[in-house]
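Q: Generate coordinates for the sequence data below:
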Amino acid sequence: MIDAVATDSSTPSPDKPRRARRTRMTGAERRQQLLEIGRTLFAAKGFEGTSVEEIAAKAGVSKPVVYEHFGGKEGLYAVVVDREMRRLLDMVTGSLTAGHPRELCEQAAFALLDYIEEYTDGFRILVRDSPIPQSTGSFASLISDIATQVEDILGREFKSRGFDPKLAPLYAQALVGMVALTGQWWLDVRRPKKAEVAAHLVNLAWHGLDGLEAKPRLIGHRKS
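A: Here you go, the predicted model:
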């Protein structure tokens, strides 16, 4: 008599391996995944060079899923840019805690360089010209927002030195613009080290302010 062999239906046979069960993402998790993938692709290829097909393929979903969450590539791009602009603005404004004006300059320089170092893809996206309108504006308007945070600091410093505080907005734009443009250059070269870059930026800004003329003069032939 041949004994019947009991088989465990839960045990996969050698020629039929068990498939790993895929964990289904929640809507919030899927949205975050698409944002991270979009952020990476937009940084590497730009808006025009990135397609919905590629975004969907990287996420392992169909194109309609991307449309369902963001309405298309434009919607995804807008959310990515808005998030990065808010992050950078928060990092800079949140860093301004010192009492001494020179240390405040250092904190602002470090905040921008920290953002470039930690969120390189985000900065690459921000410094590109956006092909679509953003609710938070452009990179230029973001720099202007950051400069506004510096205006009051410079205004107080100007007043204490006998300079016209009404010129503080002009100098704030100049200082923040200097740091932002240097940051764009440092984005790729990454030399010298971050602390050294911050030190040189503040050296130029602070000693330029320290030797500021109350009524700056032009020495060239052009006077208007």
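Q: Can you give me the buried ones in stretch 178-187?
A: Within stretch 178-187, the residues scored as buried using 16 or more other Cβ atoms under 10 Å are V179, A180, T182, G183, W186. (Glycine included, C-beta is placed from N, CA and C.)
Q: okay, those residues in TSV with pLDDT next?
A: TSV is the format used below for the buried residues of stretch 178-187 (pLDDT from 0 to 100):
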residue	pLDDT
V179	89
A180	88
T182	94
G183	91
W186	94
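Q: Please state the offset of the one helix or strand W186 maps to from the chain centre?
A: Applying DSSP states H and E as the criterion places W186 in helix 168-189. Offset of helix 168-189 from its chain centre (Cα atoms, centre = their mean, to the nearest Å): 15 Å.
Q: Who are the packing partners of that helix?
A: Applying 3 or more Cβ pairs under 8 Å, 6 or more residues apart in numbering; DSSP states H and E, one finds that helix 168-189 contacts helix 101-118, helix 120-127, helix 139-161, helix 194-210.
Q: Mind giving me the packing neighbours of the last one?
A: With contacts defined as 3+ Cβ pairs under 8 Å, 6+ apart, the secondary structure elements packing on helix 194-210 are helix 101-118, helix 168-189.
Q: now these in CSV, with distance to R222?
A: CSV is the format used below for those (distance: least, Cβ to Cβ, whole Å):
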stretch, distance to R222
helix 101-118, 31
helix 168-189, 19
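Q: the bottom helix or strand of the protein by mean pLDDT?
A: Here the helix or strand of the chain ranked lowest by mean pLDDT, DSSP states H and E is helix 139-161, holding a mean of 82.
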